[in-house]
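Enquirer: Starting from these lines, generate the structure:
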Amino acid sequence: MRKVAFFISKFEVDDTISNYSWIANELLRRGISVSLLLIDTLSLHKSQINASGWELANSTNAKLPFQQLARFNVREFTDFWIFSLGARASFLDKYQLLYTSGFGINFINSLEAIMHLKSKYYITNNTKVFRHPETYASTDADELLNIVESSNNSWIAKPPAGSLGRDVFLLQPGNSNNRVILENLCGSKSDQYALVQKHISEIEYGEKRVLIAGANIVGHYKRLATGDHRTNLLRGARTEVCDLTPDETAYCNQIGAWLRGIGANYVGIDMVYPWVIEFNVVNPGGLTTIKKLTGEDLAPKILDQLNLT
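Expert: A predicted model of the protein is given here:
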């Protein structure tokens, strides 16, 4: 019998319309066991890897009592689905614990795919598969500042593994704030990496989020910035239904095949054709948004593409 473990953060517990909840509910309807495990509770007991959480008896719409945690040996499960990396400071420890426990367990997205696609580095070196905006990374704020100031372009400055639009800045050459922004991103001891990425001006007409499951397109919508340059929904962006052109469809199918080849089976592509801005490999989002926009629950289609039946 298949037993699926969703690794989530404690902040997602009370969110009954979170993206993972649509998929969990569909798995339950299919008779597949689902447990929610708090990723920051992973621990080692001799040779056993444990985590705390809950086995779902029915819909995730029922609020989970935080005080009634159970302890699980993670080797009990057949499938791991990582929806959160939890606290950033302990990411490497959790990666190693999951790697140690994961032999013989199916990862929906492999640890290697999560490790490399979560940051923005890996996608800069696959120009035969897709195009990515010109990008630079360094711990040296002066080096990055020189790149910005010696050009006539706008640039996006951000952390390499950030999310939700946090610490994402639009830089214009000659702006007196550029130095302090880059120094802040690189840290007071110049021990943090920061990225500067050439700003794609066409993004003002919207960025498309394309959901890929099992190498195939399962859904898409457009995000448009309102108020500032960020297209993140938590930063006030709005959404609308969109179509994919034949060229965009072929492009995403090509990227989907490449993603599956590196162990990434459920991914959100942020795209301003032909530019791939980034991949969302931990929690691609979009399920609640598409449900609101179109009325469609994508979970059955996603699980069919992933052969979770």
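
Enquirer: Quote the end-to-end distance of stretch 85-98.
Expert: Distance across stretch 85-98, first residue to last, is 11 Å (C-alpha to C-alpha, to the nearest Å).

Enquirer: buried ones in the helix or strand hosting Ile23?
Expert: Following DSSP states H and E, one finds Ile23 within helix 19-29. Using 16 or more other C-beta atoms under 10 Å as the test for burial, helix 19-29 gives Asn19, Tyr20, Ser21, Trp22, Ile23, Ala24, Asn25, Glu26, Leu27, Leu28. Every C-beta, even on glycine, is put in place using the N, C-alpha and C of the backbone.

Enquirer: Next: stretch 137-154.
Expert: Within stretch 137-154, the residues that count as buried by 16+ other C-beta under 10 Å are Ala137, Ser138, Ala141, Leu144, Leu145, Ile147, Val148, Ser154.

Enquirer: on contacts alone, who are the packing partners of the helix holding Ile23?
Expert: strand 3-8, strand 33-38, helix 287-294, helix 299-305 (3 or more C-beta pairs under 8 Å, 6 or more residues apart in numbering; DSSP states H and E).

Enquirer: Mind putting those into TSV with distance to His45?
Expert: Compiled in TSV, those are given as follows (distance: least, C-beta to C-beta, whole Å):
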stretch	distance to His45
strand 3-8	17
strand 33-38	15
helix 287-294	35
helix 299-305	32
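
Enquirer: what would those look like in a markdown table with mean neighbour count?
Expert: Formatted as a markdown table, those follow (neighbours: other C-beta atoms under 10 Å):
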| stretch | mean neighbour count |
| --- | --- |
| strand 3-8 | 23 |
| strand 33-38 | 22 |
| helix 287-294 | 17 |
| helix 299-305 | 19 |
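
Enquirer: which stretch among these comes nearest Ala250?
Expert: The minimum distance between Ala250 and the helices and strands packed on helix 19-29 falls on helix 299-305, with 18.0 Å, by C-beta to C-beta.

Enquirer: Is the nearest residue to Lys118 once chain neighbours are set aside inside a helix or a strand, and which specific one?
Expert: Nearest non-adjacent residue to Lys118, counting by C-beta to C-beta, 6 or more residues apart in numbering: Ala161, 5.3 Å away. Following DSSP H and E, there is no helix or strand that holds Ala161.

Enquirer: Count the neighbours of Ala161 for me.
Expert: Counted with other C-beta atoms under 10 Å, the neighbours of Ala161 add up to 15.

Enquirer: cool, Pro160 as well?
Expert: Counted with other C-beta under 10 Å, the neighbours of Pro160 add up to 15.

Enquirer: Go ahead and confirm it touches Tyr122.
Expert: No - with contacts counted by C-beta atoms under 8 Å, Pro160 stays clear of Tyr122, the gap being 10.3 Å.

Enquirer: what's the helix or strand containing His116 packed up against?
Expert: In this assignment (DSSP H and E), His116 forms part of helix 111-118. Judged by 3+ C-beta pairs under 8 Å, 6+ apart, helix 111-118 is in contact with helix 91-101.

Enquirer: could you give the angle of the helix it packs on to helix 111-118?
Expert: 160 degrees (axes from the mean of the first three to the mean of the last three C-alpha atoms, to 10 degrees).

Enquirer: returning to what we had before: now the helices and strands packed on helix 19-29 as a markdown table including mean pLDDT and distance to Leu111?
Expert: Shown next, in a markdown table, are the helices and strands packed on helix 19-29 (pLDDT from 0 to 100; distance: least, C-beta to C-beta, whole Å):
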| stretch | mean pLDDT | distance to Leu111 |
| --- | --- | --- |
| strand 3-8 | 96 | 11 |
| strand 33-38 | 95 | 15 |
| helix 287-294 | 94 | 23 |
| helix 299-305 | 98 | 20 |
